[in-house]
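J.: Provided below for reference: sequence and predicted model.
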Amino acid sequence: MCGIVGYNGDRKASEIVYRGLKKLEYRGYDSAGIATAGNPTVKVEKGEGTIDDVSPEKKDGTSGVGHTRWATHGGVNDTNAHPHRDCTGDIAVVHNGIINNYEELKEKLENRGHEFKSETDTEVIPHLLEEQLEDEKPLHEAAQNVADTIEGSYAVVAVLDTGELVAFKNESPLALGVADEEFFLASDVTPFLEHTDEAIFLEDGEVITLNGDYQIFQNGEEVDREPRKVDWDAEEACKEGHEHFMEKEIKEQPQTVKKAAFQDETDMKEAVKMVEDAETVYLTGCGTASFAASLGAKYLREADVEVVTEQSHELEYRTDEINEDDLVIAVSQSGETADLLSTLDDSPAPTLAVVNVVGSTLARQSEHTLFVNAGPEIGVASTKAFTAQIAVLKLVQYALQDELEEGRRSILETAEKLDEVLRKNEGLMDDISSYLQEKNHVFTIGRDKGHEMAQEAALKLKELSYIHVEGFPGGEFKHGNLALIEEGVPVISFLKDTGYEDAISNTLEAKSRGADIIGVGSEPVDKFRFFIEIPKDPNSEILEIVPFQMIAYLTSVKKGNDPDKPRNLAKSVTVK
Ligand code: F6R
């Protein structure tokens, strides 16, 4: 979590860093700040809120760093905002991650006379660097020593009054963008895509220095790393006339689902071989990606594969059950989710990644990767990445059944229907969101694959509208949850072919106790207050979830929330 940006070149760093931070706000937006080098020391402007609230004047100086924060250590206030400085004011540091041993380091530094201003773990870094530089060590060596002293997960960028930048990382992402005599550092490539598509993804333990050129060091030795092309279009990371990224990303899905279906045949064959060779296949992810993983498990079972599925933060406690002849299919948008990556670290099995972000840690660490090709997803709530993940997992099912081409065609046809689903239900989605915005509690239910639909619809709605929404299997209702139903409580029911009659009964059991029932399915039923009709389709999950993404978006806007930045959340959850 937290977004960091660094710039070293010949333009005004404050402007470039500011624009970069705007692209990283999805990683956190509790507080923000920018530090620029030059004349006579490093200047820092920071505070609570987004970078627009802090509104730094665009200072001179052609080197700088910036930060947009999702708080971990220390409350949300001006002092705890990054960048943090050393005692001399010549060094300013931004950091993404957690320093586990900061309390012990802080005590030692205080005993040596260093003064701390904030409650953050980050502040130990500029003071440690200050001590190293006092000894007149080369910058990369000083940074290496700091990296060797701190424990935890971190991506750190420091700017010095000389205009030099230094960065190092462990278990948190950091990318270097390389243009003509200009260099960019960022938590992901989106801040610098408008300037360059040449990037290097830094590895754990590497130190990089920037001063009119870049040098990368590993264990004190300079290493040769060539930039490579990143094929994400800068245009895709803009709102393109939509009020919010989320709206744009929901509406992009007819294209992104198609892109997901265009998996390279060799890549698919390799994925199929990995699945077929595995004794047991584990599917895992967190949040929305875990619901995609759980659906993927159901798809693979239909192709006779033995599958276990569990959310990564729980699978972590059972990795001793996984052996090297198994396979873990790891599903993620960002490819940086700490709960997922640490589970994979403990797993002896090879990993097949189903991931969106090119160059992410997951993609780099996995034995094989299927990119879902959804393009940059900026809205914090996952939308197009989810349908792209479902499309890829469904394609794996088709490929396992020797029906790759038929499967691809079938998913393309599903994608064609998405526009119509959104268009036809426009008025209805508007009515449902107006109705829901007045409610305090909502339940979503479904059977079989309708269960994952119910869970994902509940997550979208709660994280965007802040209404209490719970999703569970329809059959579970009468085992306790029905006690919460009273007059006017909405129950949203996903009606799939499997378990259709039982799902109808579960829904009517709620209605007879006063619930307002909302249905989703291919056959409208007149007892429902609202019914969203979806065409019959072999890949219907893709069609069923999209109206609920839109309903969640509209409810959020109507309640005056910011759908791109729901409160307390961040997109890349790089802490455990
Ligand atoms: C919810 C949402 C989150 C993510 C989860 C995993 O809308 O986006 O639940 O799905 O934090 O993130 P990734 O997919 O990046 O691993």
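T.: Great, that's in hand.
J.: all contacts plus neighbour counts: C-alpha atoms, from now on.
T.: OK.
J.: all strands of the stretch 201-350 of the chain, in order?
T.: 206-210, 214-218, 221-223, 228-229, 281-284, 307-309, 327-332 (DSSP state E, counting those that start in this stretch).
J.: of all those strands, which lies closest to the ligand?
T.: With CA to the nearest ligand atom as the measure, strand 327-332 is the member of those nearest the ligand (3.5 Å).
J.: near the ligand, which residues of the stretch 351-500 of the chain?
T.: Val380, Ala381, Ser382, Lys460 (CA under 6 Å from any ligand atom).
J.: from the residues you listed, pick the one nearest Gln215.
T.: The shortest gap between Gln215 and any of these belongs to Val380, at 33.6 Å (CA to CA).
J.: I'd guess the closest one is in a helix, am I close?
T.: No - assessed with DSSP: H, G, I helix; E, B strand; the rest coil, Val380 is coil; it does not lie in a helix.
J.: switch to numbering from 52
T.: With 52 as the first residue, the last one maps to Val431.
J.: so how far is the ligand from the closest residue to it other than its chain neighbours?
T.: Nearest non-adjacent residue to Val431, counting by CA to CA, 6 or more residues apart in numbering: Lys622, 4.8 Å away. Counting by CA to the nearest ligand atom, to the nearest Å, the gap from Lys622 to the ligand is 6 Å.
J.: contacting residues around Lys622?
T.: Counting by CA atoms under 8 Å, 6 or more residues apart in numbering, Lys622 touches Met52, Tyr77, Arg78, Gly79, Ser385, Gly430, Val431, Ala432.
J.: test my guess that the third one contacts Ile55.
T.: No - look at Arg78 against Ile55 with CA atoms under 8 Å: they stay out of range, at 9.3 Å.
J.: more neighbours, these two?
T.: Neighbour totals were compared for Arg78 and Ile55, and Ile55 leads with 35 against 27 (other CA atoms under 10 Å).
J.: kindly state the pLDDT recorded for that one?
T.: At Ile55, the predicted lDDT confidence score is 96.
J.: check Lys622 too.
T.: pLDDT, Lys622: 81.
J.: checking it next. Helix, strand or coil?
T.: Classified using three-state DSSP, Lys622 is coil.
J.: residues of the stretch 252-401 of the chain that sit close to the ligand?
T.: Checking the stretch 252-401 of the chain against the ligand by CA under 6 Å from any ligand atom, the hits are Cys337, Gly338, Thr339, Ala340, Ser383, Gln384, Ser385, Gly386, Thr388.
J.: ok, 5 Å please
T.: Cys337, Gly338, Thr339, Ala340, Ser383, Gln384, Ser385, Thr388 (CA under 5 Å from any ligand atom).
J.: wait, doesn't the fourth one sit right on Gly386?
T.: Read it as Ala340. No - checked against CA under 8 Å, the pair Ala340 and Gly386 is beyond contact range at 10.5 Å.
J.: same question for stretch 152-169, mean pLDDT?
T.: Averaged across stretch 152-169, pLDDT comes to 96.
J.: endpoints of it, how far apart?
T.: 16 Å (CA to CA, to the nearest Å).
J.: give me the buried stretch members for it, please.
T.: Residues Tyr153, Leu156, Lys157, Leu160, His165, Phe167, Ser169 are the ones in stretch 152-169 that count as buried (16 or more other CA atoms under 10 Å).
J.: the ligand: which of the residues you listed is nearest?
T.: Within the buried residues of stretch 152-169, the smallest distance to the ligand is 26.0 Å, found for Tyr153 (CA to the nearest ligand atom).
J.: the nearest residue to the closest one once chain neighbours are set aside and Ile150, how far apart?
T.: Distance criterion CA to CA, 6+ apart; nearest residue to Tyr153, sequence neighbours excluded, is Asp172 at 5.3 Å. The spacing between Asp172 and Ile150, counted by CA to CA, is 6 Å.
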